[in-house]
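Student: Predicted model and sequence below, questions to follow.
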Amino acid sequence: QLPKMATPPKNFPSSSPRNKNVTVLSDETLDELKHVAQTLIVSVGEDPTREGLVKTPERYAKAFKELTRGYTTNLEDIVNGAVFQAESQEMIIVRDIELFSMCEHHLLPFFGRVHIGYIPDKKILGLSKLARISEIFSRRLQIQERLTHQIAQAIFDTVQPLGVGVVIEATHMCMVIRGAQKTQSETLTSCMLGSFREDNKTREEFLKLLSLRN
């Protein structure tokens, strides 16, 4: 029998990129995850006491905790003061940031690359923080459309740039190994804020630079 579903605590992290509250997965929650994994094993007709499966519930619980660690991460802690005075207003781009996330509709992974560009006004962000911000929101139960917007909005709120552009290219296992089973399909999403949305030339420059490859 499955345990009674736990009610998320009042401070359970929302999808808001400015959320300041984090939740740490307790030992009780990990035990619930182990039980869920064991139930899945039994439901497909397997023997949970078989040698290869005995420790699978524990492995699953630890893996799921890692895959959703974005819920236990605070944006301000990640930025950690790595905001510096800008000396110019030229476009900054970091592309091909590796992305791993979990589809909230099927609890299957999707993965790909994130490309981020912004034009600073008075502040710039440490380059590594762009990757860390991407990870905060990707390590949650997600849909790619929302993830793209959350990354862009978090950067916009953190350094108040003239504009931000985020593009994600990803492959979704829910389309590859089930359902449509289209192994070559790739989903592209974008979010443009500020001058990236309002100025065609700025947006075109960003997209053109993303298309340049060695």
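Tutor: Yep, that arrived.
Student: Residue 93 touches residue 206, doesn't it?
Tutor: Yes. If you go by CB atoms under 8 Å, residue 93 and residue 206 touch, sitting 7.1 Å apart. Glycine gets a C-beta too; all of them are placed from N, C-alpha and C.
Student: Find residues that contact each of these two.
Tutor: residue 117 (CB atoms under 8 Å, 6 or more residues apart in numbering).
Student: do you know how far the residue nearest the centre of the chain is from residue 168?
Tutor: Taking CA atoms, centre = their mean, the centroid of the chain lies closest to residue 138, which sits 0.8 Å from it. Counting by CB to CB, to the nearest Å, the gap from residue 138 to residue 168 is 9 Å.
Student: Ok, residue 136 next?
Tutor: Where residue 168 is concerned, residue 136 sits at a distance of 14 Å (CB to CB).
Student: re earlier: which one of residue 93 and residue 206 is surrounded by more residues?
Tutor: residue 206 (25 against 15; other CB atoms under 10 Å).
Student: where's that one, which helix or strand?
Tutor: helix 200-211 (DSSP states H and E).
Student: Likewise for residue 147?
Tutor: Residue 147 belongs to helix 144-159, assigned by DSSP H and E.
Student: Let me see the residues that make contact with that helix.
Tutor: 15, 17-18, 75, 79, 83, 101, 110, 114, 116, 118, 120-121, 123-125, 130, 133-134, 136-138, 161, 164-168, 170, 172, 187, 189-194.
Student: Out of the residues you listed, which end up buried?
Tutor: 17, 75, 79, 83, 101, 110, 114, 116, 118, 120, 124-125, 130, 133-134, 136-138, 161, 164-168, 170, 172, 189-194 (16 or more other CB atoms under 10 Å).
Student: hey, what's the closest residue to residue 127 other than its chain neighbours bridged with?
Tutor: Distance criterion CB to CB, 6 or more residues apart in numbering; nearest residue to residue 127, sequence neighbours excluded, is residue 94 at 5.9 Å. Beta bridges link residue 94 to residue 116, judged by DSSP bridges.
Student: isn't residue 94 right up against residue 133?
Tutor: No. In this structure, residue 94 is not within contact of residue 133 by CB under 8 Å, at 10.6 Å.
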